[in-house]
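>>> Take this sequence and fold it.
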Amino acid sequence: MPEPVSGRGRPGYSREDILRAAVDAFNAAGYEATSMGALADRLGVTKSALYHHVSSKEELLDEALDRALDTLGGVIDEVGTCGGGDMERLRLLVRGTTLALCAEAPCVTLLLRLRGNSDVERRAMDRRREYTRTVVDLVSGAQADGDLRADVDPATVGRLLFGMVNSLVEWYRPDGHLSPAELAELTGKMAFGGLVPRS
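Take a look at the predicted model:
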């Protein structure tokens, strides 16, 4: 439960507190099943106090999804400006998206559970598909350069790479035995080195 913070004249919650509580509620019960009343109860405030900060739960969903997508998009933008070939960019992308997921795990979890039931969700899913296309393009480029085996479908490889990183939302915990940096290194080894020891 977030700690109340003092506002001007009355106790309340910061926008960040409300967003985090909403994301936790959406992930726990599902977006459709979470009402503004349920969110107010979770925060221990009245609905009118909650509406003082936000206009609707859709506004909170939109903000949470933007946070996840902007974080992932920032990684893609950074990779796009770095030097090196497509294989190096692909390695950096896998590492960067792993770190991004660790940093914004609740929001990314929400993103991955979308069903496309609203305009907000569909827009987010469209952006997510754009990111997947970027990975596929890098796989294709690395294949053309001879840095990746050419007998595998780039689209399938791209989805598998993102799928591996995305699976972290099911078990990653900030207080776990691996730091985000250690996890990012291990993800890269698994993606590009596999489990079989080199002879």
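
>>> So A68 versus V169, what's the distance?
10 Å (CB to CB, to the nearest Å). For every residue, glycine as well, the C-beta is placed using N, CA and C.

>>> Hmm, L101 is touching V169, no?
Yes. Using CB atoms under 8 Å, L101 makes contact with V169 at a distance of 6.7 Å.

>>> anything in contact with each of the two?
The contact sets of L101 and V169 overlap at V108 (CB atoms under 8 Å, 6 or more residues apart in numbering).

>>> Could you check which of these two is surrounded by more residues?
L101 (28 against 19; other CB atoms under 10 Å).

>>> what sits up against the helix or strand that contains the more buried one?
Element membership for L101 (DSSP states H and E) is helix 86-103. Here helix 86-103 makes contact (CB under 8 Å, 6+ apart) with 71-72, 74-76, 78-80, 82, 108, 134-135, 137-142, 144-145, 147-148, 161-162, 165-166, 168-169, 172, 174, 180-181, 183-185, 187-188, 191-192.

>>> hang on, the earlier thing: find the residues that touch each one of A68 and V169.
Common neighbours of A68 and V169 (CB under 8 Å, 6+ apart) are V108.

>>> in what helix or strand does T34 lie?
Per DSSP H and E, there is no helix or strand for T34.

>>> D24 is in contact with that one, correct?
No. T34 lies out of contact with D24 (CB under 8 Å); the separation is 9.8 Å.

>>> ok, now which ones touch S167?
Here S167 is in contact with no residue (CB under 8 Å, 6+ apart).

>>> what secondary structure does A155 sit in?
helix (DSSP: H, G, I helix; E, B strand; the rest coil).

>>> what about the nearest residue to it once chain neighbours are set aside, how many neighbours?
Spatial nearest neighbour of A155, chain neighbours left out: V136 (5.2 Å); criterion: CB to CB, 6 or more residues apart in numbering. Residue neighbour count, defined by other CB under 10 Å, stands at 19 for V136.

>>> how about V136, what does it touch?
P154, A155, V157, G158.

>>> closest to V120 among those?
G158 (25.1 Å; CB to CB).

>>> name the element the closest one belongs to?
Going by DSSP H and E, G158 is part of helix 154-166.

>>> ok, residues contacting that helix?
90, 94, 97-98, 101, 108, 112, 131-133, 135-140, 143, 148, 187, 190-191.
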